[in-house]
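Trainee: Predicted structure and sequence below. I'll ask about it afterward.
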Amino acid sequence: MLVTVAGEKKEIEQGTTIAKLIEIEKVENPEYVTVTVNDEFLNRADFETTQGKENDTIEFLYFMGGGAF
């Protein structure tokens, strides 16, 4: 099935979970990644059970710390 992952159209197998997609995409620091599916934030606890669906848009986000001196 066709989904958009990090801005690129990709073909994935039906039943692919977000956790598996993180592995497939070789996401750096997966323990710190936040995922959105169709612009909705996904709870980390749901990565193992949430499956990508046809035409989903999936993004991997990292929140960066920082500030002024």
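Mentor: Thanks, I have it.

Trainee: what ranges do the strands span in this structure?
Mentor: Listed in chain order, the strands of the chain (DSSP state E) span 2-5, 8-11, 34-37, 40-42, 57-61.

Trainee: Please dump the ones you listed into TSV; it should also carry mean pLDDT, distance to Ala19 and mean neighbour count for every row.
Mentor: For glycine as for every other residue, the C-beta is placed from the backbone atoms N, C-alpha and C. Supplementary listing: the strands of the chain in TSV, determined by pLDDT from 0 to 100; distance: least, CB to CB, whole Å; neighbours: other CB atoms under 10 Å:
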stretch	mean pLDDT	distance to Ala19	mean neighbour count
strand 2-5	98	14	16
strand 8-11	97	16	10
strand 34-37	97	10	16
strand 40-42	97	11	11
strand 57-61	97	12	16
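
Trainee: now those in JSON lines, with distance to Val27?
Mentor: As requested, those are exported to JSON lines (distance: least, CB to CB, whole Å):
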{"stretch": "strand 2-5", "distance to Val27": "10"}
{"stretch": "strand 8-11", "distance to Val27": "14"}
{"stretch": "strand 34-37", "distance to Val27": "9"}
{"stretch": "strand 40-42", "distance to Val27": "13"}
{"stretch": "strand 57-61", "distance to Val27": "5"}
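
Trainee: hey, where'd the helices end up in the chain?
Mentor: Taking DSSP state H as the test, the helices found in the chain are 18-24.

Trainee: what about Asp46, how many neighbours?
Mentor: Applying the criterion other CB atoms under 10 Å, we find 13 residues in the vicinity of Asp46.

Trainee: show me what contacts it?
Mentor: Neighbouring residues of Asp46 by CB atoms under 8 Å, 6 or more residues apart in numbering: Ile18.
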